[in-house]
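Peer 1: Structure here, sequence nowhere to be found:
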């Protein structure tokens, strides 16, 4: 049974981060943790977790991490997947091919992609569920920081490497620029790699999705 209408929470923001198994688990997790912890500083109710449907993950298969932010107590806290995301983040660009990354997005949704390519190029490969997409944000997070490959912090354990030490900081900053979901200064409090976050906030490209050519069938 779909839970889309079971929990009607109009003020809830759902964040889904897609990554590649093992190589980018930490980066995906860091994006949702840094954003939700920044929101908690602002008095919001938050959740951040990894998708157990994707576990045990295998090298380079698509995996997801989730976040929820709300000014109200979260009623859907036991729903284990974000079925109607408002913000979708890709830790690497090839996820636009063959993965239904925009499934269930709500009107006004924003897509953030780690890439050095133009939004117009990427949009050609997204063939499903683009009608509710309002913006695409691109940032070359790989150029600004190195990916951290570690199992530290997995499944709720303490992350000894630090939150946002790698490209997760840059991606989270791009999310803030494209959505304003939290105050940027609060995000900086949460990430180790503050330099990458600052550069990403300045360099991220934000494009209106309605101005982009639709993908061919």
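Peer 2: Great, that's in hand. All values reported here derive from a predicted model rather than from experimental measurement.

Peer 1: tell me what the biggest helix by length in the chain is packed against?
Peer 2: For the chain, the helix with the greatest residue count under DSSP state H is helix 25-41. Counting contacts by 3 or more CB pairs under 8 Å, 6 or more residues apart in numbering; DSSP states H and E, helix 25-41 packs against strand 13-20, strand 45-50, strand 62-70, helix 168-179, helix 184-190. C-betas here are computed from N, CA, C, even on glycine.

Peer 1: among those, which is the most enclosed?
Peer 2: Each of those was given a mean neighbour count from mean count of other CB atoms under 10 Å, and the largest, a mean of 29, is that of helix 168-179.

Peer 1: Flag the shaky bits of the protein, pLDDT-wise.
Peer 2: Low-confidence segments of the chain, defined by pLDDT under 70: 1-7, 52-57, 147-160, 215-217.

Peer 1: Got phi/psi on the closest residue to residue 107 other than its chain neighbours?
Peer 2: Leaving aside its chain neighbours, residue 107 sits nearest to residue 132 (4.7 Å; criterion: CB to CB, 6 or more residues apart in numbering). Backbone torsions of residue 132, given as degrees, to the nearest 10, read phi -100, psi 0.

Peer 1: what's near enough to touch residue 132?
Peer 2: The contact partners of residue 132, by CB atoms under 8 Å, 6 or more residues apart in numbering, come to 102, 105, 106, 107, 108, 109.

Peer 1: Of the residues you listed, keep whichever come out buried.
Peer 2: Among the contacts of residue 132, those scoring as buried are 102, 105, 106, 109 (criterion: 16 or more other CB atoms under 10 Å).

Peer 1: Just flag the most distant two among those residues.
Peer 2: Taking CB to CB, the two most distant members of those are 102 and 106; they sit 10.5 Å apart.

Peer 1: for residue 69, which residues make a bridge with it?
Peer 2: Residue 69 has these beta-bridge partners by DSSP bridges: residue 13, residue 46.

Peer 1: From residue 33, how far out is it?
Peer 2: The span separating residue 69 from residue 33 equals 12 Å under the rule CB to CB, to the nearest Å.

Peer 1: likewise residue 75?
Peer 2: Here residue 75 is placed at a distance of 22 Å from residue 33 (CB to CB).

Peer 1: before we move on, back to that, in the longest helix of the chain, which residues are buried?
Peer 2: Judged by neighbour count using 16+ other CB under 10 Å, the buried positions of helix 25-41 are 25-40.

Peer 1: now, which of the residues you listed sits nearest residue 127?
Peer 2: Taking the buried residues of helix 25-41 together and measuring to residue 127 by CB to CB, the closest member is residue 28, at 22.9 Å.

Peer 1: Name all residues that make contact with that closest one.
Peer 2: Residues in contact with residue 28 (CB under 8 Å, 6+ apart) are 17, 18, 19, 50, 63, 64, 65, 89, 91, 168.

Peer 1: now with 10 Å?
Peer 2: Neighbouring residues of residue 28 by CB atoms under 10 Å, 6 or more residues apart in numbering: 16-21, 50-51, 63-66, 89-91, 168, 171.
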